[in-house]
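1. sequence below, structure please.
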Amino acid sequence: FTLVALVARDYYAYPPLIKTPPLFEEHAAPWVRLAKELGFDALHAALAAFDVPARYAAAAYDDRAYMRALDAHLDTRVYPLLDAERVAACSEAGLARWAP
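-> Numbering: from 1, shown residues only. You can find the predicted model right below:
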């Protein structure tokens, strides 16, 4: 979960690789689809809710403006999911998954 989220976040945060629909489809979209395929539906929904090429165009291709919008989205939609996943993994039940 965390790896998929962080890889997708890193692609979203690098405008040269995602600023057009074909670039986004080549580099970032596979990670968004992987979240869905692995059953991380909430993560998939959070990532898919941020239409990267459209947001980049709406920011007039200004990297700083795009990054401000991305940061706001990550803070409200993605990072809370990561926090919940971390808390669940560090709970007694979560840690028991790794016990011998």
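2. so how far is Ala42 from the nearest residue to Glu85 once chain neighbours are set aside?
-> Among residues not flanking Glu85 along the chain, Phe1 sits closest, at 5.0 Å (C-beta to C-beta, 6 or more residues apart in numbering). Where C-beta positions appear, they are placed from N, C-alpha and C, glycine not excepted. To Ala42, Phe1 is 10 Å away according to C-beta to C-beta, to the nearest Å.
3. same question for Arg97.
-> Taking C-beta to C-beta, one finds Arg97 at 19 Å from Ala42.
4. skipping its backbone neighbours, what lies nearest Arg86 in space?
-> Leaving aside its chain neighbours, Arg86 sits nearest to Thr2 (7.5 Å; criterion: C-beta to C-beta, 6+ apart).
5. contacts for the helix or strand where Leu3 lies next, please.
-> Assigned by DSSP states H and E, Leu3 falls within helix 2-12. With contact meaning C-beta atoms under 8 Å, 6 or more residues apart in numbering, helix 2-12 is reached by 17-18, 27-28, 31-32, 34-35, 38, 40, 43, 47, 50, 52, 70, 74, 78, 81-82, 85-86.
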